[in-house]
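[1] Fold the following.
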Amino acid sequence: MLQAALLAAGGGGLLEVNIPTLFWTWLVFGVTFWCLTKTAWPMLAAKMEERENRIREGLDKAEEAERHASELLEKQEAVLTEARDEAKKLLAESTAVAENVKNQTVEAAKQEIATERERARKEIDLERRKALDEIKQVAVDLTLAAAGHVLQRQITGEDDRRLAAEVIDKVDVLK
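    Next comes the predicted model:
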């Protein structure tokens with residue numbers, strides 16, 4: 001259909017070369033190419049170079065950020081490990097201190113119990129002696145009263161009391 005339109009316009013076939021058209025086509029192409037290389041191409045190349053630089057800078061910043069994040073992660077892991085070790089150490093120390101305090105408390109309680117037992121023994125011994133002395137005194141009084149009743153006279157005097165106490169002490173020693 002295109003060939004028929006060209007034949008009707010008075011031109012030749014598709015393979016015919018029209019020199020003036022060819023000249024003007026090359027001239028327009030050359031001028032257009034020259035204008036583009038002088039104006040559009042430098043702007044386009046500058047924009048492409050600028051974009052390439054921005055991309056390169058972005059990649060560099062991303063790599064630097066990744067490196068920095070990696071360093072921070074390593075530091076954080078080191079700090080975490082150190083904190084765990086410190087916590088374990090503090091826990092062990094606390095356990096040792098608690099055990100030491102417990103042992104000291106138990107030892108102090110045992111000492112206090114032993115002291116209280118000794119004090120109680122001494123107090124009991126003192127009270128027993130007092131009771132025995134009172135019993136001896138009552139026995140002397142009863143002995144003198146009984147002897148007075150048997151002899152039908154009242155026995156008084158310090159010598160008689162002393163003699164009765166010696167007899168009771170001898171009986172106490174014989175036990």
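[2] helix, strand or coil for residue 146?
    helix (DSSP: H, G, I helix; E, B strand; the rest coil).
[3] And it, how close does it get to residue 164?
    Counting by CB to CB, to the nearest Å, the gap between residue 146 and residue 164 amounts to 10 Å. Using the backbone N, CA and C atoms, a C-beta is placed for each residue, glycine as well.
[4] ok, these two, which is more surrounded?
    Using other CB atoms under 10 Å, the more surrounded residue of residue 146 and residue 164 is residue 164, with 19 against 11.
[5] Not counting sequence-adjacent ones, nearest residue to that one?
    Here the nearest residue to residue 164 in space, its sequence neighbours aside, is residue 140; by CB to CB, 6 or more residues apart in numbering that works out to 4.4 Å.
[6] Next, the contact list for that neighbour, please.
    For residue 140, the contact set (CB atoms under 8 Å, 6 or more residues apart in numbering) comprises 161, 164-165, 168.
[7] hmm, try it at 6 Å
    Under the criterion of CB atoms under 6 Å, 6 or more residues apart in numbering, the contact list for residue 140 reads 161, 164-165.
[8] would JSON lines of those with pLDDT be doable?
    Formatted as JSON lines, the contacts of residue 140 follow (pLDDT from 0 to 100):
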{"residue": "161", "pLDDT": "71"}
{"residue": "164", "pLDDT": "71"}
{"residue": "165", "pLDDT": "74"}
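[9] Out of those residues, the closest to residue 73 would be?
    For the contacts of residue 140, the closest approach to residue 73 (CB to CB) belongs to residue 165, at 97.7 Å.
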